[in-house]
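Engineer: Just the structure for this:
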Amino acid sequence: MMILKCTAEVRKAIGLPERQLVDTLTSTAPLGHWYVHRFAIGRTRFLLFMSETTLLSFVLHQGRRPLDARSLPDMFLAGLQQLLSMKDLDAVAIAQTMAPCHTGLFGKTDSRKTLGSMNDLVRCYTVSVEAQGGLASCNLTDIIMRLNAMPQRRLDWATSWDVARAQIERATAPD
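Structural biologist: Predicted coordinates for the structure are as follows:
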């Protein structure tokens, strides 16, 4: 099981009442719990998903469909599946990594340090899109891949991909 830890902005957007939030539990997912934040680049809204333990991240365009407590987990699962597939993980490792994510709950963000990392990523995504000429001309996939290959101080200068791959290998290794 894992928890989507939503910022106040996301909780308000999906109409998530306080009573539906859980306290943090230990995650059984190889990539841990995920932080979710909503931000805008120009007039377009995006959702940023970031693994709490690996800082692995991806962004998704919010789209025209209303965002709610049912669609957010579906968007997360589709985005994570696509991200892991783009990194050439085999189908078995992807399935084992995602299995605990199919049982999830919502919670509040509870780490200022992790929120700081998320805010840094929001700035990096925004600047990267603008540096490539805006949403109409940027390669969002390339930006996601590049930012996950960036060394992170919180990870002792390892990349999010390196830490995520190590956790996935550890979790999917035969006993």
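Engineer: Give me the most central residue, the protein.
Structural biologist: F49 (2.2 Å; CA atoms, centre = their mean).
Engineer: what bridges to it?
Structural biologist: On the basis of DSSP bridges, F49 is bridged to V36, F58.
Engineer: out of everything not next to it in sequence, what's closest to D23?
Structural biologist: Excluding its sequence neighbours, the residue lying closest to D23 (CB to CB, 6 or more residues apart in numbering) is G107, at 7.0 Å. C-beta: built from backbone N, CA, C; applies to glycine.
Engineer: Could you do L77 as well?
Structural biologist: Closest residue to L77 apart from its sequence neighbours, by CB to CB, 6+ apart: C101 at 6.2 Å.
Engineer: what number of residues lie near that neighbour?
Structural biologist: Neighbour count for C101, taken as other CB atoms under 10 Å: 21.
Engineer: now it: how far from D110?
Structural biologist: To D110, C101 is 19 Å away according to CB to CB, to the nearest Å.
Engineer: and if you look at Q20?
Structural biologist: Separation of Q20 from D110 (CB to CB) stands at 16 Å.
Engineer: And L84, by the same measure?
Structural biologist: For L84, the distance to D110 - CB to CB - is 25 Å.
Engineer: Which of these two has more residues huddled nearby?
Structural biologist: The neighbour comparison of L84 against D110 (other CB under 10 Å) goes to L84, with 23 against 14.
Engineer: Spatially nearest residue to the more buried one (excluding sequence neighbours)?
Structural biologist: I94 (4.7 Å).
Engineer: Could you do L47 as well?
Structural biologist: The shortest distance from L47 to any non-neighbouring residue, by CB to CB, 6+ apart, is to L60 (5.0 Å).
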